[in-house]
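Undergrad: When you get a sec, could you give me coordinates for this:
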Amino acid sequence: MKTINLTKFNFLAAILMVAMMGFGSGVHAQATSNTGQPKTKKEVEAALTNFSISLVFDAQGQKPYYFFQARCRQGWAFRLEGEKGSQFTVVDEAAQKVYRLNYQEKTGEERPFQSRNAYRGIETMLATHLFGHEYYMNDSNFKKGGSETIAGRPTTIYVYQLANGTATYWIDNQYGFTLKFVQTGPNPMHTEVTEFKVGSVTMADMVNLADYKLK
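TA: Next up, the predicted model:
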């Protein structure tokens, strides 16, 4: 089964985080408005007990990466598709089963559930994109702008001026994480949530195992 080289991807994610930080500096001061207030990963994870998120990451000179993560009472799933292949894990905690799947080839294998497979939060590779605003959220130079609807959800726009460009974040008004990020300058990049569902997600929304040839 062809899978993504995660060591390489984690390196790219680290570069992304440094780029999103922009080597900027500023005087720290707490934002005042509650509408579209940016929140921490810990705060968002506490609120999201049933959800699904799809996101695309596009950086100059690279093919896009596609992310999907979902969680419900019964289990969870995480999928990453990129230039080198795909990684797709589905954990059915209620049935005590774990599925390692190839989303593109529709093949995979079934394994028994182990404690290490329990849900531990939003995957780091996805969290890099959803919570890049944390570095700036208490900075007085993190300026609130207008508003826009992203993935059918109202957001508040925040802009941070970098040394050679800008970092713009579209923050979900209800949950406080980044639905869209655009960086301009020497290292332009764009991440955007294309679908976000809350409250009615089931295992059937994560995968149809009948579509896969399992070992």
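Undergrad: For this structure, give me the ranges with low pLDDT.
TA: Along the chain, the parts satisfying pLDDT under 70 run over 1-34.
Undergrad: Now do the helices in it.
TA: Ranges of helices in the chain, per DSSP state H, are 6-21, 41-47, 124-130, 203-206.
Undergrad: helices or strands up against the third one?
TA: So that's helix 124-130. Using 3 or more C-beta pairs under 8 Å, 6 or more residues apart in numbering; DSSP states H and E as the contact criterion, the neighbours of helix 124-130 among helices and strands are helix 6-21, helix 41-47, strand 51-59, strand 65-71, strand 178-183. No exception for glycine: its C-beta is placed from N, CA and C like everyone else's.
Undergrad: give the contact list for the residue nearest the centre of the chain.
TA: With distances taken as C-alpha atoms, centre = their mean, the residue of the chain nearest its centroid is L126 (3.2 Å). Listed by C-beta atoms under 8 Å, 6 or more residues apart in numbering, the contact partners of L126 are I53, L55, F67, Q69, F78.
Undergrad: do you know how far it is from L55?
TA: Separation of L126 from L55 (C-beta to C-beta, to the nearest Å) stands at 7 Å.
Undergrad: overlap in contacts of the two?
TA: Residues within reach of L126 and of L55 at once, by C-beta under 8 Å, 6+ apart, are F67.
Undergrad: What distance do you get for the residue nearest to T166 when sequence neighbours are not counted to V207?
TA: Distance criterion C-beta to C-beta, 6 or more residues apart in numbering; nearest residue to T166, sequence neighbours excluded, is T184 at 5.2 Å. For T184, the distance to V207 (C-beta to C-beta) stands at 37 Å.
Undergrad: which of those two has more neighbours?
TA: Between T184 and V207, V207 has the larger neighbour count (other C-beta atoms under 10 Å), namely 21 against 14.
Undergrad: how close does that one sit to Q104?
TA: When distances are taken as C-beta to C-beta, V207 and Q104 turn out to be 14 Å apart.
Undergrad: Check I157 too.
TA: Using C-beta to C-beta, which is the criterion applied here, I157 is 35 Å from Q104.
Undergrad: higher neighbour count, those two?
TA: Set side by side, I157 and Q104 give different neighbour counts by other C-beta under 10 Å, the larger being at I157 (18 against 11).
Undergrad: That one and I171, how far apart?
TA: 8 Å.
Undergrad: Repeat that for Q104.
TA: When distance is defined by C-beta to C-beta, Q104 is 32 Å away from I171.
Undergrad: Also Q87?
TA: For Q87, the distance to I171 under the criterion C-beta to C-beta works out to 28 Å.
Undergrad: Which of those two has more residues huddled nearby?
TA: A direct count of neighbours by other C-beta under 10 Å for Q87 and I171 places I171 higher, at 27 against 22.
Undergrad: The more buried one: what's it in contact with?
TA: If you count contacts by C-beta under 8 Å, 6+ apart, I171 has them with G36, Q37, P38, H133, T155, T156, I157, Y158, F177, T178, L179.
Undergrad: is it possible to export those to CSV including distance to R73?
TA: Formatted as CSV, the contacts of I171 follow (distance: C-beta to C-beta, whole Å):
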residue, distance to R73
G36, 29
Q37, 28
P38, 28
H133, 29
T155, 28
T156, 31
I157, 34
Y158, 33
F177, 22
T178, 26
L179, 25
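Undergrad: In strands, which of those appear?
TA: Using DSSP state E to define strands, the subset of the contacts of I171 located there is T155, T156, I157, Y158, T178, L179.
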